[in-house]
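Visitor: got a sequence here, can you model it:
(4 chains)
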Number of protein chains: 2
Amino acid sequence: MKKPTIKIIAKDAGVSEMTVSRVINNPELVSEATVKKVLKSMEKYNYKPKMIAKILKGRKSKTVGFLISSRQEFYISPFYGECIRSAATALKDFSLRTLSFNLLDTLSKSLFVDYANSGLLDGMIIFEGTFQEDITEVLRVNNIPFVYVGETFQENSDIVSISSDSYEGARKGMKYLINTGSKNICFVTGTGSKPSYIHRKQAYLDAISEANLEYQNVIETERSMMGGMLAAEKLIKQKEEINAVFCFCDVIAIGVIKRLQERGVTIPKEIRVLGFDNIPFAKYTTPALTTIAQDTEKMGMIAANSLLKLMFNEPLENTNIIVPTELIIREST
Amino acid sequence: MKKPTIKIIAKDAGVSEMTVSRVINNPELVSEATVKKVLKSMEKYNYKPKMIAKILKGRKSKTVGFLISSRQEFYISPFYGECIRSAATALKDFSLRTLSFNLLDTLSKSLFVDYANSGLLDGMIIFEGTFQEDITEVLRVNNIPFVYVGETFQENSDIVSISSDSYEGARKGMKYLINTGSKNICFVTGTGSKPSYIHRKQAYLDAISEANLEYQNVIETERSMMGGMLAAEKLIKQKEEINAVFCFCDVIAIGVIKRLQERGVTIPKEIRVLGFDNIPFAKYTTPALTTIAQDTEKMGMIAANSLLKLMFNEPLENTNIIVPTELIIREST
DNA sequence: TTGTAGGCGTTATCAA
DNA sequence: TTGATAACGCCTACAA
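Guide: Numbering: from 1, shown residues only, chains lettered A, B, ... in the order given. Sure, this is the predicted structure:
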């Protein structure tokens, strides 16, 4: 059985196509009797309007896209789960549906570009790790508003970004480590030059300097559990002098803890480990991970609300939104 | 600047719209000089054909959708990460792009339905946990082939499903626990009546019966880390008699381990814990989790290849594909 | 309240 | 090798 079109329904109900269209989009303009008749025919044929035909006519898709990327061990960074979920929930109140694009390669990018060019996307939330000039260009050409979540923009201040207060969070963590007795603290971070890397590292350095500590050691590694393992290898050799390890993120911290334990180091007794993010798994490591929590749920909500303002042309007070963090003390320190 | 259409390009290049279309889709039918001319105009206007207009004309979208669902702590079950990735990789060889639909509520379902009805989807891979009659109905009406991954179909044998050998895997795990000295073994599982639940439970019962063990204890809980914690609470009260806990999945096992440790139980010395799945985190728990690995990468590949056969009308030998599992012994047992 | 005509951007079909 | 025409399914604008 062929798929029914508006034409079939119109004929079956004995009305014009326009009347059917009205029943779908503005039933209040049609007489009750006609509405009933048309609905019956639609039911009979199980008619579903084709979204792409509407869109071709210039209608909105009522869809917001998420741009995410996969890192090593995860299809979606565990950090973003809640963020995506809360953003989707906020958008739902405006009947906006959500769709995730995973940027893996040229092919997956072509899908996103096709969608953007086709009017299939009314708005976009771009997550940290997927920002690329050509993508924002595509969005701009198609007048698709977007916000950026998880990383700060320093120069392009016209881009709305929502991120955690990396510097303050890292300072909080360092202060805690120092105040509770750690002197030789190492910082394990990812490679790159994003603001979050820079801010957390600066916080680490400033904290050491202000406390007049002598030891200072930054290790760069891949941002993954395996990367944490590798970093821990290097740490082992310096075991005697290190009291604590401050990790750029929980995922790295998990790897650090694991490898240190495998090498016989007791955590936190010999070396304390501090993470950043507070991913769902953080409280299930042994010992449970002390970390600086990012309020991902709040970030998702703010991202959604900011995007909504952009979509509805409402004013936005601030394009650089910083969300506070919270130190969560568990057992690894 | 308005977005360029094929009409603009045609005018600019001094050819008909059809010729432009040919340059895009069948350049070999157009003279070299004309191709050059048209390409230049396309470049000049940065012209991108609108995918939805093509699709409205009956073209394929070259897109395969994934249907996934969120469970408690994870946006995407950690179990499916690799599976999705390997499926996407296999489909890529056929220039098929992939897109994930997260089935959260009616709204997100409406997006999927709209896409299916619009010809935006050429094929579908449905992951365990998202199977719903109305969804397969939508797919059938629109002639969209699909395969089901992660769970077996017993009755509807015309549906292609790819799943792990749950019974055999669980038997393997139980055999190992029993052969290495555990007598009082508890089974912590999820609630429901899916084949995987039934098969693993049956394997547990059969193993106990064949070994002539007396102790038998099945605890049902939510399929999450928190669910594992709750199950462990119940276990604590039976601490004296239990030697080992076999968990339906790693996610539950992680919660079980954590709560048992919090209550002072030493793992594996006092109680051994066995998982199922081998999610990426499994080797980072302390102690590292012994588990029955599902070959998710293989499952993803098979799913993709089976779907391709369906899409290309090639014969499929078997609709009920079972993938073997592997016991991975780590430290928790 | 309902209907007619035309077009959104592309391609299939046939003709030149 | 190229072009004219109609059509995909729906909706805007106007008319009745």
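Visitor: helix, strand, or coil at the residue lying closest to A:Ala90 once chain neighbours are set aside?
Guide: Distances taken as CB to CB, 6 or more residues apart in numbering or on different chains place A:Ala304 nearest to A:Ala90, at 3.5 Å, with adjacent residues excluded. Every residue, glycine included, has its C-beta placed from N, CA and C. Of the three states, A:Ala304 takes helix under DSSP: H, G, I helix; E, B strand; the rest coil.
Visitor: ok, now which ones touch A:Ala304?
Guide: Contacts for A:Ala304 (CB atoms under 8 Å, 6 or more residues apart in numbering or on different chains) come out as A:Ser86, A:Ala87, A:Ala88, A:Thr89, A:Ala90, A:Leu91, A:Ile125.
Visitor: make it 6 Å
Guide: Contacts for A:Ala304 (CB atoms under 6 Å, 6 or more residues apart in numbering or on different chains) come out as A:Ala87, A:Ala90, A:Leu91.
Visitor: kindly report the same for A:Glu133.
Guide: Under the criterion of CB under 6 Å, 6+ apart, A:Glu133 has no neighbours.
Visitor: quick check, pLDDT for it.
Guide: For A:Glu133, the pLDDT comes out at 88.
Visitor: one more: A:Glu155?
Guide: For A:Glu155, the pLDDT comes out at 64.
Visitor: same deal with A:Phe79?
Guide: 73.
Visitor: so how many other residues sit close to it?
Guide: By the criterion of other CB atoms under 10 Å in any protein chain shown, A:Phe79 has 22 neighbours.
Visitor: contacts for stretch A:19-30?
Guide: Applying CB under 6 Å, 6+ apart, the external contacts of stretch A:19-30 come out as A:Ile6, A:Ile9, A:Ala10, A:Val35, A:Val38, A:Pro49.
Visitor: among these, which are located in helices?
Guide: Under the assignment DSSP state H, the contacts of stretch A:19-30 contribute A:Ile6, A:Ile9, A:Ala10, A:Val35, A:Val38 to helices.
Visitor: from those, which is closest to chain B?
Guide: A:Ile6 (12.8 Å; CB to the nearest CB).
Visitor: quick one: the helices in chain A?
Guide: Per DSSP H, chain A carries helices over the ranges A:6-13, A:17-25, A:32-45, A:51-56, A:81-92, A:106-118, A:133-141, A:166-179, A:195-210, A:225-236, A:250-262, A:296-311.
Visitor: is there proximity between the shortest one and DNA strand C?
Guide: Yes: using CB under 7 Å from any atom of the strand, helix A:51-56 reaches DNA strand C at A:Ala53, A:Leu56.
Visitor: so who does A:Asn217 touch?
Guide: When contacts are counted by CB under 6 Å, 6+ apart, A:Asn217 touches A:Cys186.
Visitor: what do you get if the cut-off is 7 Å, keeping everything else the same?
Guide: For A:Asn217, the contacting residues are A:Cys186, A:Phe187, by CB atoms under 7 Å, 6 or more residues apart in numbering or on different chains.
Visitor: before we move on, what about the one 10 residues further on?
Guide: Residues near A:Gly227 by CB under 7 Å, 6+ apart: A:Thr221, A:Ile252, A:Gly255.
Visitor: what about it, distance to B:Phe246?
Guide: Counting by CB to CB, to the nearest Å, the separation of A:Gly227 from B:Phe246 is 32 Å.
Visitor: circling back to that earlier point, just send the ones in helices among the contacts of stretch A:19-30 back as TSV, with neighbour count, pLDDT and distance to A:Leu308 too.
Guide: Listed next are those as TSV, based on neighbours: other CB atoms under 10 Å in any protein chain shown; pLDDT from 0 to 100; distance: CB to CB, whole Å:
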residue	neighbour count	pLDDT	distance to A:Leu308
A:Ile6	19	96	31
A:Ile9	26	95	34
A:Ala10	18	95	36
A:Val35	16	96	32
A:Val38	25	96	33
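Visitor: tell me how many other residues crowd A:Ser77.
Guide: Neighbours of A:Ser77 under the rule other CB under 10 Å: 24.
Visitor: skipping adjacent residues, who's closest to it in space?
Guide: In this structure, A:Ser77 finds its nearest non-sequential neighbour in A:Arg71, 5.7 Å apart by CB to CB, 6+ apart.
Visitor: could I get the pLDDT score of that neighbour?
Guide: 74.
Visitor: for it, list each beta-bridge partner.
Guide: A:Arg71 has these beta-bridge partners by DSSP bridges: A:Phe74.
Visitor: mean neighbour count, the helices of chain A: which tops it?
Guide: A comparison of the helices of chain A by mean neighbour count, using mean count of other CB atoms under 10 Å in any protein chain shown, puts helix A:250-262 on top with a mean of 26.
Visitor: could I get the CA-only coordinates of it as CSV?
Guide: What follows is helix A:250-262, C-alpha atoms only, in CSV (Å, rounded to 0.1, in the frame of the first residue of the first chain):
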residue,chain,number,x,y,z
ASP,A,250,37.8,12.6,36.4
VAL,A,251,38.4,10.3,33.4
ILE,A,252,42.1,11.0,33.7
ALA,A,253,41.9,10.6,37.5
ILE,A,254,40.4,7.2,37.2
GLY,A,255,43.3,6.0,35.1
VAL,A,256,45.8,7.6,37.5
ILE,A,257,44.2,5.9,40.5
LYS,A,258,44.1,2.6,38.8
ARG,A,259,47.7,2.5,37.7
LEU,A,260,49.0,3.9,41.0
GLN,A,261,47.2,1.1,42.8
GLU,A,262,48.5,-1.5,40.4
